[in-house]
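> got a sequence here, can you model it:
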Amino acid sequence: MKVLIVSAHPEPSSLTNALRNVAISQLEADGHEVRVSDLYAMNFQPCVVREDFPALAEGEPLRPTVASMQASATSAFTQDVLDEQEKVLWADAVIFAFPLWWFSVPAIMKGWIDRVWTAGIGYQLSGERYGAGRMSGKRAMIMVMIGGRETYFSAGGVNGPIDDLLFPITHGMLYYPGFAVLPSLLVYRTHHLDGRYDEVCDEVRGRMRDLFTTPPIPFRAQAGGDFDEQLGELKPEIAPATPQGFAPLYKP
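Next up is the predicted model:
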């Protein structure tokens, strides 16, 4: 199988990059083909700018979503974006490795999503999304380096439940384009691994060995019959009128 790893850490010797390399070694040992987009090493340009749309007429206001839709028919995007899209379309699975900075991905990785998930890639003009779309049939997983203790990210933790904090990434950035999203690989207390490094490496190797057999997170598909098609909200028999948090968006 073919695997793309998108990683984001400015320090080549960081834990993020070290564990990414452990993942690469295990995947290749298991016979998979691996490609890597190391965003800092690539000096990836993260900002959506007018130059991203070469076909945009001079003087026409830049409306990124509209410009993306217009450009999608002929793939009229810049070469760096096309190169990353080619990698994603090539892959059977995409792994995102990053440190949790301010409760989200580093800016350079968010910029990669902003620029690479164009119309026709990240979303379809037909409205097929959340479990459907161009990424259907592919798997995705995030490997997250977290400085705090696991208890800080528990149901009663001061930072809030980790699955809720990561929901905009797993459900919004990955399930929305159609990926089957695997449970996240979380490494806590990254500044105090002490003797846990070998144990963490073993966990990474195990998750790589199971990459194509691990059941995905059971998100509800938009077209699965649980949502009112017009309102875009869960039907009353599926969830109460004022559902609490993200829980109703997971299948029981």
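
> could you check how far residue 136 is from residue 154?
Computed as C-beta to C-beta, to the nearest Å, the residue 136 to residue 154 distance reads 33 Å. C-beta here means a position set from N, CA and C on the backbone, and glycine is covered the same way.

> against residue 110, how distant is the residue nearest to residue 45 when sequence neighbours are not counted?
Of all residues not flanking residue 45 in the chain, residue 80 sits nearest, at 6.7 Å (C-beta to C-beta, 6 or more residues apart in numbering). Distance of residue 80 to residue 110, given as C-beta to C-beta: 16 Å.

> do the same with residue 95
According to C-beta to C-beta, residue 95 and residue 110 sit 17 Å apart.

> just give the number of residues close to residue 231.
Neighbour count for residue 231, taken as other C-beta atoms under 10 Å: 8.

> what sits against residue 88?
Residue 88 makes contact with 4, 94, 116, 121, 135, according to C-beta atoms under 8 Å, 6 or more residues apart in numbering.

> how many other residues sit next to residue 89?
Applying other C-beta under 10 Å, we find 12 residues neighbouring residue 89.

> could you do residue 106 as well?
Residues near residue 106, counting by other C-beta under 10 Å: 21.

> and residue 19, by the same measure?
Residue 19, neighbours per other C-beta under 10 Å, totals 22.

> chain neighbours aside, what residue packs nearest to it?
Per C-beta to C-beta, 6+ apart, closest to residue 19 is residue 204, 5.3 Å.

> got the CA coordinates for the helix or strand encompassing that neighbour in PDB?
If you go by DSSP states H and E, residue 204 is part of helix 197-209. Extracted C-alpha coordinates of helix 197-209, given in PDB (Å, rounded to 0.1, in the frame of the first residue of the first chain):
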ATOM      1  CA  TYR A 197      10.800   6.700  24.500                       C
ATOM      2  CA  ASP A 198      11.200   3.000  23.500                       C
ATOM      3  CA  GLU A 199       7.700   2.300  24.700                       C
ATOM      4  CA  VAL A 200       6.300   5.100  22.500                       C
ATOM      5  CA  CYS A 201       8.400   3.900  19.500                       C
ATOM      6  CA  ASP A 202       6.800   0.400  20.000                       C
ATOM      7  CA  GLU A 203       3.400   2.000  20.100                       C
ATOM      8  CA  VAL A 204       4.100   3.800  16.800                       C
ATOM      9  CA  ARG A 205       5.300   0.600  15.200                       C
ATOM     10  CA  GLY A 206       2.200  -1.200  16.300                       C
ATOM     11  CA  ARG A 207      -0.100   1.500  14.900                       C
ATOM     12  CA  MET A 208       1.800   1.400  11.600                       C
ATOM     13  CA  ARG A 209       1.500  -2.400  11.400                       C
END
